[in-house]
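Quick check, what structure comes out for this input:
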Amino acid sequence: LGKRLYYLEVEAEQYRFTVTLNVNANRVDQEANVDPHQVDELVKEEVIKQARGNRFRVIPYPQEIRDVPDQPMLALVVLPHNLTWEADSRPATEARIREILTGGTTFRSCKNSLAFLVAERASPLRSEARTLLALEAVDRLYGRTGKLAESQKRDLERLLSDGRKRLPQAVWNAYRFVVTAGEGDSLQVFDLGHQLQRQGRTLADAVWEHLVDKERLAPRLGPSQLTSDALRLWPQDQELVNVRTLKEAFAQYTYLPMIPSGSVLQTTISQGVYQGLFGYGIGKGEEKKFDVVHFKVQAPPEAIDLTESAWLLRTKLASELTEKPIEPIAPSVGPSGPRPSIGPPPPGPGPAPVSGLYHRLEVESDLDWHKWADFYDGVVKPLVQSGADVKLHVKLSADSEKGVSQNTVDLVIRENVAQYALSAEVRPVTEEQ
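Coordinates of the predicted model:
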């Protein structure tokens, strides 16, 4: 009633009619003058604020398809609030999602790395934003210029406080649908329901929790899943499978669960190697020639390479190459489930130990990028395992007769540097230089 009457004054739960227009009347007058562009900008600002998070790479309000990079990195695309899930606008929203998933004029391979957050309706968002902008205008024109009675000032302060709380909640009420790619041209739709906005929790957190609950997103994978027929990743008649192919499969094939990053696969492989479910080798898998093979040993997740020179080996092949028995090691069980037992790997054959200590070691080498993993396994890892404080300075130069696309540098390399918080300076050299 207080929002509909212009001459009603409310104070301490007492109501009376006066001959003076109240704050509500001023608000209504100002709402008529609010610029619709300002309304949409305020809604956009609040949506971006509520959707931020570090579990996903959040991409709000993409204007072009290229604003959504084709990368094997989990991303949450927040669609503009004018693309909604209500009946009359849903076809346009679905078309926009499919356009992004297909890549437009180019082919998108990492469809299974994208989730879309979509609003149910836009009108409640615009209504709350318009009201808040009108109240702020009343405050500028009347509240700060001494043109309101004390009771009206208090009423205005209360309405402003309520408005600044109602807009964030309106965003949470509106953005309730999550869409991911399904098999073929289909879309999978998940309804978050109406949720209460809470301090310290974002819409990205809500999306993450819901997708995990629905088993669409897998923060962890059991190593046995890689060898089973359920995920159709490694045919039983194949002795080995390329690790890079596995990583790309999770980003590409929409029947697979989405994984947050390659670190999930690194941890899974590390556990599977230790348990003896498969081996891990670096080298030429097609020729079964490996520089190193790990089987039934502790291989730290960070030591697992996800490039095309890395391979998973069936137990029979891994056993033959390492001369270790095939029977898998039963994992030890802790509060968080199976995990490798803590302890150093069994010693292997090597040169006879010598006495003496080195307090500093420097290694300098021109390194072929194909040998990156070999350099880590052969030089860096032994130093880390011995407790040394290892510092690396990397200087990379890349030459291409055809030229490297600016999109590759700006949208892929620079974005990866930012996402992984790398202290790297990327300096393209133009022909003029």
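
Would you mind measuring from residue 197 to residue 67?
26 Å (Cβ to Cβ, to the nearest Å). C-beta: built from backbone N, CA, C; applies to glycine.

any idea how far whichever helix or strand residue 164 is part of is from the chain center?
Assigned by DSSP states H and E, residue 164 falls within helix 150-174. Its chain's C-alpha centre and that of helix 150-174 lie 32 Å apart, by Cα atoms, centre = their mean, to the nearest Å.

returning to what we had before: tell me which of residue 197 and residue 67 has more neighbours.
residue 197 (16 against 13; other Cβ atoms under 10 Å).

was I right about the more buried one contacting residue 50?
Yes: contact criterion Cβ atoms under 8 Å: residue 197 and residue 50 qualify, at 7.1 Å.

hang on, the earlier thing: now the element after the helix holding residue 164, going C-ward?
Criterion used, DSSP H and E; the element after helix 150-174 is strand 175-181.

helices and strands around that next one, which ones?
Judged by 3 or more Cβ pairs under 8 Å, 6 or more residues apart in numbering; DSSP states H and E, strand 175-181 is in contact with helix 36-51, strand 114-119, strand 187-191, helix 203-213.

Kindly export it (C-alpha atoms) in PDB.
The C-alpha coordinates for strand 175-181 follow below in PDB (Å, rounded to 0.1, in the frame of the first residue of the first chain):
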ATOM      1  CA  TYR A 175      19.800 -16.600 -13.600                       C
ATOM      2  CA  ARG A 176      18.600 -20.100 -12.800                       C
ATOM      3  CA  PHE A 177      19.200 -22.100 -16.000                       C
ATOM      4  CA  VAL A 178      22.500 -23.800 -17.000                       C
ATOM      5  CA  VAL A 179      22.900 -25.100 -20.500                       C
ATOM      6  CA  THR A 180      25.700 -27.500 -21.700                       C
ATOM      7  CA  ALA A 181      26.200 -29.200 -25.000                       C
END
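
Direction included, what does it pair against?
strand 114-119 (antiparallel), strand 187-191 (antiparallel) (DSSP bridges).

Tell me the gap between the first one and the middle of its chain.
If you compare the mean C-alpha spot of strand 114-119 with that of the full chain, they lie 12 Å apart, counting by Cα atoms, centre = their mean.

what bits of the stretch 251-400 of the chain have low per-residue confidence?
Scanning the stretch 251-400 of the chain for pLDDT under 70 picks out 325-356, 369-370, 373-374, 377, 385.

er, the stretch 1-150 of the chain actually
1-22.

Tell me which stretches of it form helices.
Counting by DSSP state H, counting those that start in this stretch, the stretch 1-150 of the chain has helices at residues 23-31, 36-51, 90-102, 123-141, 150-174.

so can I have a markdown table of those helices showing distance to residue 310?
Converted to a markdown table, the helices of the stretch 1-150 of the chain look like this (distance: least, Cβ to Cβ, whole Å):
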| stretch | distance to residue 310 |
| --- | --- |
| helix 23-31 | 61 |
| helix 36-51 | 35 |
| helix 90-102 | 29 |
| helix 123-141 | 47 |
| helix 150-174 | 43 |
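
out of the ones you listed, nearest to residue 412?
helix 90-102 (17.0 Å; Cβ to Cβ).

Would you mind listing the buried residues in that closest one?
Residues of helix 90-102 classed as buried: 93-94, 96-97, 100-101 (neighbour count, 16 or more other Cβ atoms under 10 Å).

Can you tell me which of these comes closest to residue 251?
Using Cβ to Cβ, the buried residues of helix 90-102 come closest to residue 251 at residue 101, 12.6 Å.
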